[in-house]
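Asker: got a predicted model here, sequence first, then my questions.
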Amino acid sequence: MKVSDAMTSQVSVARPGDSIRKVAEVMAKVDSGVVPVVDNGKVLGLVTDRDIVLRVVAEGRSFDAPVSEVMSDGEVLSVKEDDVLADATAKMANNQVRRLVVLNEAGNLTGILSLGDVAKDYGAKQVGKTLEEISQEPGEAAH
């Protein structure tokens, strides 16, 4: 099975200059805890509901500030849409993340693959294994 068979392809995105408030409203509307920040099809970073709580609410920042100020803009972990789903779940486990950005061959955003997507299309057993590996402390051996 390929990543494209399981991913969510209808993804709401933000632009770097969008306000944090606007992005939070999008999250509420589409019931998602993550929004990719995109410019000309390229993913610059991700903003999560956790980013908003820790970097805006906890620090007393303005909700009118641009989302680029609070997004996670380090290396955004990604997979290609034609990658094997099992390899993508292994990448999630190895990097202890619950979602990956999905890119096409040109490097443009085409979707997001989450543990929920994997659960629907790949089976609860694989999700349980991946979640267990994600939840481990770094360096902790699997049992």
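Answerer: That came in fine, so what should we check first?
Asker: okay, and the beta partners of the spatially most central residue of the chain?
Answerer: Centrality entry for the chain: nearest residue to the mean C-alpha point is residue 99, 4.3 Å, by Cα atoms, centre = their mean. Under the criterion DSSP bridges, residue 99 forms beta bridges with residue 114.
Asker: does it touch residue 111 like I think?
Answerer: No. Under the contact definition of Cβ atoms under 8 Å, residue 99 does not touch residue 111, with a separation of 10.4 Å. For the C-beta atoms, the positions are set from N, CA and C on the backbone; glycine is no exception.
Asker: hmm, back to that, what's the distance between the residue nearest to the centre of the chain and residue 82?
Answerer: Taking Cβ to Cβ, to the nearest Å as the criterion, residue 99 is separated from residue 82 by 18 Å.
Asker: now swap in residue 19 and tell me
Answerer: Using Cβ to Cβ, we find residue 19 at a distance of 35 Å from residue 82.
Asker: and those two? which has more neighbours close in?
Answerer: Using other Cβ atoms under 10 Å as the criterion, residue 19 and residue 82 rank with residue 19 on top: 15 against 12.
Asker: and that one, what does it touch?
Answerer: Applying Cβ atoms under 8 Å, 6 or more residues apart in numbering to residue 19 gives the contacts 63-67.
Asker: just the helices from the chain, written as ranges.
Answerer: Taking DSSP state H as the test, the helices found in the chain are 3-6, 20-30, 49-52, 85-95, 115-122, 124-135.
Asker: off-centre distance for the first one?
Answerer: Between the centre of helix 3-6 and the centre of its host chain there is 15 Å, according to Cα atoms, centre = their mean, to the nearest Å.
Asker: any regions of the chain where pLDDT drops low?
Answerer: Counting by pLDDT under 70, the ranges of the chain that qualify are 121-143.
Asker: go ahead and confirm residue 64 touches residue 17.
Answerer: No. Counting by Cβ under 8 Å, residue 64 stays clear of residue 17, with 11.3 Å between them.
Asker: quick one: contacts for residue 77?
Answerer: So, once contact is read as Cβ under 8 Å, 6+ apart, residue 77 ends up touching 91, 95, 97, 100-101.
Asker: which of these lies closest to residue 9?
Answerer: Nearest to residue 9 among the contacts of residue 77, counting by Cβ to Cβ, is residue 101 at 12.2 Å.
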